[in-house]
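Student: how would this look folded up:
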Amino acid sequence: MELVRAGLNKRTLDTFAESTQLLPALLRIPNPESCLLFIDLATVPDAARVINFVKASSSINRMPIVTLGTADDYDVFDQRSLTAVNGVIELPCGPTDIATVVEPLTQASRPLPNVTWDKRPPQ
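Tutor: Predicted structure coming up:
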């Protein structure tokens, strides 16, 4: 998550080792639309469940979600859950790539844009 921290340019970054810690913390956030949720597909085995929970919860469903993963992570990830996220970042990447995805999400008027940073050429 140091890469994300560098790309966020001094914004606060809270990290959670398990979704059992994350979900209660998300539900306590007073303005979820002013936060970003980053999910590392390589380290969060229940990422699809977390995404679906956030998007189905009326109190936090406006929170932007950004996933990070390798091409292999995305190849095996649940594509229906992936369509619910607001930003997709393919690893490896650098802090400026994180910033490129984060910037429109933090500046956007609602509804949120879907932003992707993918080093693969369009097909």
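Student: Tell me the secondary structure at the residue nearest to residue 87 when sequence neighbours are not counted.
Tutor: Once flanking residues are discounted, residue 87 sits nearest to residue 66: 3.6 Å by Cβ to Cβ, 6 or more residues apart in numbering. Every residue, glycine included, has its C-beta placed from N, CA and C. When classified by DSSP: H, G, I helix; E, B strand; the rest coil, residue 66 comes out as strand.
Student: So for residue 66, what's the pLDDT?
Tutor: The model reports residue 66 with a pLDDT of 93.
Student: residues of the strand or helix carrying residue 25 that come out buried?
Tutor: Element membership of residue 25, judged by DSSP states H and E, is helix 19-27. By 16 or more other Cβ atoms under 10 Å, the buried positions in helix 19-27 come out as 19, 22, 23, 26.
Student: name the helices or strands packed onto that helix?
Tutor: helix 47-56 (3 or more Cβ pairs under 8 Å, 6 or more residues apart in numbering; DSSP states H and E).
Student: Could you check how far the helix it packs on is from the centre of its chain?
Tutor: 11 Å (Cα atoms, centre = their mean, to the nearest Å).
Student: What is that helix packed up against?
Tutor: helix 19-27, strand 37-40, strand 65-69, helix 79-82.
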